[in-house]
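Enquirer: below are the sequence and a predicted model; questions follow.
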Amino acid sequence: LGTAQAAWDLLEKRSEFYSSRPRAIVAGELLSAGNRDFLRPNDEKWRRWRNMLHSGFNHRISQTYQETQSLESKILLGELLEEPQNYVRHIQRYNASIITSVTYGLRVDSVDEWIVQENLAAVTFFIKANTPG
């Protein structure tokens, strides 16, 4: 792999061998019984999950989310002007609100809401479980 072209050729022509992720024994297998698609190896089930995600987040569909993104951006800017010292919480709220709006049709007004706290706890848990050592 002495050149970028050689690496590109390998990744393009043999991506099924080189595009997978490392095995996540604790988080991916023991704690979630292989049901966390973002931790799956590049197999048929993962490819079906990836195609499903692409169908909901392709360029054409993502255009329908612009109104939500615009609203949340305006709210974020107002929050940052009012309380700049809490910028991390404001950005977390912004991200959570866009995700829950697109996924469930629900806005988030605060990072203290249960749906945000449950997701942050789950992400923190999975990061710890998936960290070697």
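Expert: Cool, the structure landed.

Enquirer: let's test this: mean pLDDT of the helix or strand hosting residue 10, rounded?
Expert: Assignment of secondary structure by DSSP states H and E places residue 10 within helix 4-13. Rounded to a whole number, the mean pLDDT of helix 4-13 is 80.

Enquirer: which elements pack onto it?
Expert: If contacts are counted by 3 or more CB pairs under 8 Å, 6 or more residues apart in numbering; DSSP states H and E, helix 4-13 sits against no helix or strand. C-beta coordinates here come from the backbone N, C-alpha and C atoms, glycine included.

Enquirer: and it, C-alpha only, in CSV?
Expert: What follows is helix 4-13, C-alpha atoms only, in CSV (Å, rounded to 0.1, in the frame of the first residue of the first chain):
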residue,chain,number,x,y,z
ALA,A,4,-3.2,6.3,-2.2
GLN,A,5,-4.4,4.7,-5.4
ALA,A,6,-3.4,1.2,-4.1
ALA,A,7,-5.4,1.8,-0.9
TRP,A,8,-8.3,3.2,-2.9
ASP,A,9,-8.3,0.1,-5.2
LEU,A,10,-8.4,-2.3,-2.3
LEU,A,11,-11.1,-0.4,-0.5
GLU,A,12,-13.2,-0.1,-3.6
LYS,A,13,-12.8,-3.6,-5.0
